[in-house]
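J.: My questions are about this predicted structure, shown below with the sequence.
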Amino acid sequence: MIKKIKRWALLPVAVVAVILAMVLVQKLANADESPHAKARAEAMQARESAFRSITLPGEVITQFLRVTRKPGEKVLVLKGQEFESAVVHGVVYHGVIISPEDAPMSAEKWEVHWGARVFSVFLVYPKGDSPYWSFKIRTDRTVTAIAYSASAEYIPNNAARAA
């Protein structure tokens, strides 16, 4: 025995189908997001605190806050790689060396120049854990060479004037 189904009886089924379609579209749209997207957003909110916790110069912190607004250069952190310091879950560690078990890890890298030094900051994405901030500081040989060259030219000019 076949009964006629009234049109209004199909309304709940249609509503459920539309909701399921909307959920599916949303999931597909979010599928393109990086697996680190949420953790990265949290790390970005805490970046100023991380930068200040290792006592970077104020001007360097200001520059890092500006440049880290945009995605950094994609790099790999390899075993044996050294960092002056790292801020992991709010705790500062100095003299960090990446162990073979942890490497390789993906990371984002930004650099700023201040004086004759280059400050590098990395947002490291360890496997199965929250990202953390790591820092390197090195002397910029180009800036040092230019400063040395300029001072070498300056001294003879002063000596010539004094004579």
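T.: Structure received. Numbering: from 1, shown residues only.

J.: Show me where the protein has its strands.
T.: For the chain, the strands defined by DSSP state E cover 73-77, 82-88, 91-97, 105-114, 117-125, 132-139.

J.: what's the angle between the longest one and strand 132-139?
T.: Angle between the axes of strand 105-114 and strand 132-139 is 40 degrees (criterion: axes from the mean of the first three to the mean of the last three C-alpha atoms, to 10 degrees).

J.: For strand 105-114, give me every contacting residue.
T.: 57, 59-60, 63-64, 67-68, 71-77, 98, 118-127, 134, 140, 143 (C-beta atoms under 8 Å, 6 or more residues apart in numbering). All C-beta spots, glycine's among them, are computed from the backbone N, C-alpha and C.

J.: Sketch out the low-pLDDT regions of this protein for me.
T.: 1-11, 13-18, 20-21, 23-36, 140-163 (pLDDT under 70).

J.: can you pull out the helices in it?
T.: 11-30, 37-45, 47-53, 58-67, 141-162 (DSSP state H).

J.: what residues does the fourth one touch?
T.: For helix 58-67, the external contacting residues (C-beta under 8 Å, 6+ apart) are Arg47, Glu48, Phe51, Arg52, Leu56, Trp110, Val112, Trp114, Phe119, Val121.

J.: As CSV, could you dump the C-alpha coordinates of that helix?
T.: Extracted in CSV, the C-alpha atoms of helix 58-67 (Å, rounded to 0.1, in the frame of the first residue of the first chain):
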residue,chain,number,x,y,z
GLY,A,58,63.5,47.6,21.9
GLU,A,59,64.1,48.7,18.3
VAL,A,60,64.7,45.1,17.3
ILE,A,61,61.4,44.1,19.0
THR,A,62,59.6,46.9,17.1
GLN,A,63,61.0,45.7,13.8
PHE,A,64,60.2,42.1,14.5
LEU,A,65,56.6,42.9,15.4
ARG,A,66,56.3,44.8,12.1
VAL,A,67,57.9,42.1,9.8
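
J.: Buried residues, it. List them.
T.: By 16 or more other C-beta atoms under 10 Å, the buried positions in helix 58-67 come out as Val60, Ile61, Gln63, Phe64.

J.: Would you agree Pro131 is in contact with Arg40?
T.: Yes: under the criterion of C-beta atoms under 8 Å, Pro131 makes contact with Arg40 at 6.1 Å.

J.: So which of the two has more stuff around it?
T.: Per other C-beta atoms under 10 Å, whichever of Pro131 and Arg40 has more neighbours is Pro131, with 21 against 18.
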